[in-house]
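**Student:** Below: sequence and its predicted model.
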Amino acid sequence: MAEEELPGVLILDIGGTHGVLENLAALLKKHFHLITMKEFLGNKEEMSKKIQCIFVFECRPAIDRELLESLPNLKVIGNSGVGVDHLDLKMISSFGVKVTNTPHAVADPTADIGMALMLASARRLVEGNVLNFPG
């Protein structure tokens, strides 16, 4: 499928401090035509018609009424995290836009950290480290 035929997805940026990770951007490119916020703001009239999805990564881009009003073909907002408390679901749904997230994306890493903290606590690793290497 040619890039022009792929649905457009709005992202803040690729890489950098707040952009989508490079490997995630490569995955998105298989299914979407990536449009950065800079590209969108530089040519709102043309880009707004192409965007059917917004990919929210680390709570960015911010989803507000002005952005939603400027995207007539928007169908879905995909959040890369578990929660959606940073999104105004009532306002978004008033535009007929669906919201999705990745509820199980961090289940295994969370369990790993939980186990590590319990083992560290049970074995008193922090106290042992402080006693062996006083600051």
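**Tutor:** Noted; the coordinates are in hand. Residues are numbered from 1 along each chain as shown.

**Student:** Can you name the residues in contact with whatever helix or strand residue 27 lives in?
**Tutor:** Following DSSP states H and E, one finds residue 27 within helix 22-29. Contact with helix 22-29 is made by 9, 11, 14, 15, 19, 20, 34, 55, 57, 80, as judged by C-beta atoms under 8 Å, 6 or more residues apart in numbering. No exception for glycine: its C-beta is placed from N, CA and C like everyone else's.

**Student:** following the helix or strand harbouring residue 117, which helix or strand shows up next?
**Tutor:** Assigned by DSSP H and E, residue 117 belongs to helix 107-122. As assigned by DSSP H and E, the chain's next helix or strand after helix 107-122 is helix 125-132.

**Student:** which other residues reach that following helix?
**Tutor:** 119, 120.

**Student:** Might you calculate how far the strand ranked longest in the chain sits from the centre of the chain?
**Tutor:** Counting by DSSP state E, the longest strand found in the chain is strand 51-56. Its chain's C-alpha centre and that of strand 51-56 lie 10 Å apart, by C-alpha atoms, centre = their mean, to the nearest Å.

**Student:** Same check on stretch 59-67?
**Tutor:** 12 Å.

**Student:** swap in stretch 14-34?
**Tutor:** 10 Å.

**Student:** can you list the domains in this structure?
**Tutor:** 8-103, 105-134 (the TED database).

**Student:** ok, now how distant is the most centrally placed residue in the chain from residue 102?
**Tutor:** Closest to where the C-alpha atoms of the chain average out (C-alpha atoms, centre = their mean) is residue 57, at 2.0 Å. Distance, residue 57 to residue 102, using C-beta to C-beta, to the nearest Å: 11 Å.

**Student:** so what sits against both of those two?
**Tutor:** residue 80.

**Student:** What pairs with the longest strand of the chain, parallel or antiparallel?
**Tutor:** Strand pairing for strand 51-56, determined by DSSP bridges: strand 8-11 (parallel), strand 76-79 (parallel).

**Student:** Appreciated, that's everything.
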